[in-house]
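*Asks:* can you look at this prediction? I've put the sequence above it.
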Amino acid sequence: MTDQSKQQATTEICGFDADTILLRGQNLVDDVIGRHTLTSAFLLQALGEPPTEEQIALLDIVLVTIMEHGMVPSVVASRLTLHGAPESLQGAVAAGLLGVGDRYAGTAAQCGEVLSGILEADDQAVAAAALVKEYRGRRQPVPGFGHPIHTGKDPRVAKLLSYISEDGPAYRAAKALEVALSEALGRPLVMNVSTALAVLMFEVGLPVKVMRGVILIARCAGLVGHLLEEMERPVGDALWRGAEGAVTYHHD
């Protein structure tokens, strides 16, 4: 057995003994409870450093923006699961989270991946144009632009971007991509909320690989609210009956 295999695996996030609980080196009782909000505690736990007020504020904005999206499939799945298994709140939440994907929860994580390539380039305009050419060559839409409902412009975008500087690298990367895409199409096509959310998460300092997790945190909160309403004013039976009436049996 090698020395390396004998080494104890470790975590830097949390530890405890009979008298103390530590979160990233801070005492949970003395330093965290009452001093951190959920958002700031998450940033401390995930990134390992006490967050700034700006980081907390921007992440709060992201979470509030994406928390609620109406009676989308993930919400329907949660409500129907609770209707079928009213004893299983956790099962209903999990059912909804499993259905939180790019189609109805936005493509912020994909936008983060796209923007990261432009952010790393020496010339953002050139990198943006190359990326657009690549997507168009594959006949794929560039994620984070256009919207099926907000066809002119997404009303959330200007509000979100107003909280950060136009000189920020992620902001400039997103605008470079917007310009390149509009030039390639020969018509204006503006960014939607997913790109704006990715820009804000870059400003917070979150890595791309955790951006989808942030969306899940927000949607989890939203699902719990829907499930509370489902307990008090249920619509699950109507959803089930509606699906049953909309789909008929057919066999060749």
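*Replies:* Sure, I can see it. For clarity, every value in this text was computed on a predicted model and none was experimentally measured. Residues are numbered from 1 along each chain as shown.
*Asks:* CA atoms for contacts and neighbours, from now on please.
*Replies:* Fine.
*Asks:* show me the shaky parts of this protein.
*Replies:* The chain contains residues with pLDDT under 70 at 1-5, 147-152.
*Asks:* show me it divided up by domain.
*Replies:* 12-51, 104-209 (automatic domain parsing).
*Asks:* let's have those domains in TSV, adding distance to Glu87.
*Replies:* Formatted as TSV, those follow (distance: least, CA to CA, whole Å):
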stretch	distance to Glu87
domain 12-51	27
domain 104-209	27
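*Asks:* residues near Thr10, how many?
*Replies:* By other CA atoms under 10 Å, the residues close to Thr10 number 8.
*Asks:* look up how far Gly25 lies from it.
*Replies:* Plainly put, Thr10 is 14 Å away from Gly25 if you go by CA to CA, to the nearest Å.
*Asks:* equivalent analysis for Thr39, please.
*Replies:* 18 Å.
*Asks:* residues in contact with Leu98?
*Replies:* Ser74 (CA atoms under 8 Å, 6 or more residues apart in numbering).
*Asks:* most tightly packed of the domains of the chain?
*Replies:* The highest average neighbour count among those, using mean count of other CA atoms under 10 Å, belongs to domain 104-209 at a mean of 18.
*Asks:* out of the domains of the chain, flag the one nearest Tyr249.
*Replies:* Tyr249 lies closest, by CA to CA, to one member of those: domain 104-209, at 27.6 Å.
*Asks:* quick one: end-to-end distance for that closest one.
*Replies:* Its first and final residues considered, domain 104-209 spans 19 Å by CA to CA.
*Asks:* same check on stretch 66-77?
*Replies:* First-to-last distance for stretch 66-77 - CA to CA - comes to 18 Å.
*Asks:* which residues does it contact?
*Replies:* By CA under 8 Å, 6+ apart, stretch 66-77 touches 92, 95-100, 104-105, 215, 218-223, 226, 236, 239.
*Asks:* most centrally placed residue in this structure?
*Replies:* Central residue check for the chain by CA atoms, centre = their mean: the C-alpha nearest the mean position is that of Ile215, 2.3 Å away.
*Asks:* now it: how far from Asp102?
*Replies:* Distance from Ile215 to Asp102, by CA to CA: 10 Å.
*Asks:* with Ser194 instead?
*Replies:* 10 Å.
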